[in-house]
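Student: attaching a predicted model along with its sequence, questions to come.
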Amino acid sequence: IAFADVTGDSYLLARRGAAATEAELIVFLGVYFMAEAADVLRQPHQTVVLPDLGAGCHLAECADIFTVRDAWDQMTAALPGKRVIPLTYMNSGADLKAFVGAHGGAVCTSGNARKAFEWALAEGDAIFFFPDEHLGRNTGCCLGMAPDDPVVWNPRLADLGGIPPDALADAQVILWKGFCNVHTGFTVRQIEAARAADPAVRVIVHPECPRPVVEAADEDGSTEYIIRRCEELPAGASAVIGTDWNLVNRLRQRHPDKRISCLKEDICPCVTMNRIDLPKLTWCLESLAAGEIVNVVEVDEEMRRQGRLALDRMLALA
């Protein structure tokens with residue numbers, strides 16, 4: 001049995017080419033969309049299980065295959081002769097990964113979103129990025145775009161997502177109106193208060209935060225980036241982190257010689273991610289010990305094939 005946590009994509013990539021020496025169970029300690037990605041990337045001798053099939057993600061649920069297909073049909077009809085490359089964030093369902101794979105697009109993470117945007121703009125005339133509006137805008141700004149350059153497709157508005165036809169025709173980046181309910185809980189005022197309390201503090205936020213928060217921070221980066229930066233800070237350094245409280249709490253326990261705190265200490269942690277707890281893991285392992293494989297995550301074969309295309313394109317960018 002192999003365990004993979006919420007950043008288990010690194011484990012999966014390491015095991016991707018592993019020889020099929022014996023049957024292997026991957027007990028995924030993360031959210032459903034990552035367990036689906038694990039199933040897309042797994043080898044034939046591997047099986048993915050998730051201790052709680054309800055461990056989801058608010059952000060991933062901001063876009064579904066039906067509204068994205070409708071948006072795509074409207075968009076491509078309104079933009080004849082313009083090649084739009086779809087990109088989906090890793091925080092999305094396997095059906096959306098399969099959708100972008102079938103339409104020449106790719107998956108990206110917060111760590112390689114810039115590379116994915118550069119690739120897509122080289123491949124086509126515009127990007128359709130979903131489901132995180134804020135990550136998309138922040139990535140566009142990394143490429144020199146103004147914060148208001150991307151247009152935002154609102155799936156609740158029937159006609160072109162509320163985008164004027166001329167603006168849609170001119171757009172290089174079309175963003176989906178979706179967000180992470182944890183990262184949108186951080187504000188510029190919180191950063192100002194942190195700096196007032198400690199002028200030497202280093203403010204690091206995740207790029208799923210709104211643009212004004214990213215602009216006010218000292219740094220922004222993926223979960224992997226935040227973990228690395230906390231390791232690099234010298235002893236005695238002070239940092240406030242704008243991301244999920246549980247990660248920040250682990251970082252402060254790992255680095256007791258540094259003053260690490262969450263930008264909003266009373267922020268509600270990601271509720272769905274926290275569904276994977278010790279009792280559910282224990283139940284899952286006891287079931288496996290008794291010979292019963294529970295909560296198998298399995299993507300249908302066609303969806304796996306198209307989703308694998310999108311994930312392979314992402315891996316090629318690395």
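Tutor: It's in. Numbering: from 1, shown residues only.

Student: could you use CA atoms for every contact and neighbour count after this?
Tutor: Will do.

Student: can I get stretch 101-117 as PDB, trimmed to CA atoms?
Tutor: Included here for stretch 101-117 are C-alpha records, laid out as PDB according to Å, rounded to 0.1, in the frame of the first residue of the first chain:
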ATOM      1  CA  GLY A 101      -7.600  16.900 -23.800                       C
ATOM      2  CA  ALA A 102     -10.100  16.400 -26.600                       C
ATOM      3  CA  HIS A 103      -9.900  20.000 -27.700                       C
ATOM      4  CA  GLY A 104      -6.100  20.400 -27.800                       C
ATOM      5  CA  GLY A 105      -5.600  21.900 -24.400                       C
ATOM      6  CA  ALA A 106      -3.800  21.000 -21.200                       C
ATOM      7  CA  VAL A 107      -4.000  20.800 -17.400                       C
ATOM      8  CA  CYS A 108      -1.900  23.100 -15.200                       C
ATOM      9  CA  THR A 109      -1.100  23.400 -11.500                       C
ATOM     10  CA  SER A 110      -0.500  26.700  -9.600                       C
ATOM     11  CA  GLY A 111       3.200  25.900  -9.900                       C
ATOM     12  CA  ASN A 112       3.300  25.600 -13.700                       C
ATOM     13  CA  ALA A 113       0.400  27.900 -14.800                       C
ATOM     14  CA  ARG A 114       2.800  30.400 -16.300                       C
ATOM     15  CA  LYS A 115       4.400  27.800 -18.500                       C
ATOM     16  CA  ALA A 116       1.000  26.500 -19.500                       C
ATOM     17  CA  PHE A 117      -0.200  30.000 -20.500                       C
END
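
Student: now that stretch: buried residues?
Tutor: In terms of neighbour count (16 or more other CA atoms under 10 Å), stretch 101-117 has its buried residues at 101-102, 104-110, 112-117.

Student: residues contacting that stretch, please?
Tutor: The set of residues external to stretch 101-117 that reach it, using CA atoms under 8 Å, 6 or more residues apart in numbering, is 85-90, 97, 100, 120, 127, 135, 139-140, 142-143, 207, 221-225, 306-314, 317-318.

Student: tell me which of the buried residues of stretch 101-117 fall in strands.
Tutor: Residues of the buried residues of stretch 101-117 located in strands (DSSP state E): 106-108.

Student: as JSON lines, the residues you listed with distance to P147 and pLDDT would be great.
Tutor: Putting those into JSON lines (distance: CA to CA, whole Å; pLDDT from 0 to 100) gives the following:
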{"residue": "A106", "distance to P147": "23", "pLDDT": "96"}
{"residue": "V107", "distance to P147": "22", "pLDDT": "95"}
{"residue": "C108", "distance to P147": "20", "pLDDT": "94"}
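
Student: in this structure, which spans are helices?
Tutor: Taking DSSP state H to define them, one finds helices in the chain at 9-15, 32-41, 65-78, 94-102, 113-123, 133-142, 165-170, 188-197, 211-216, 223-232, 245-254, 278-289, 301-317.
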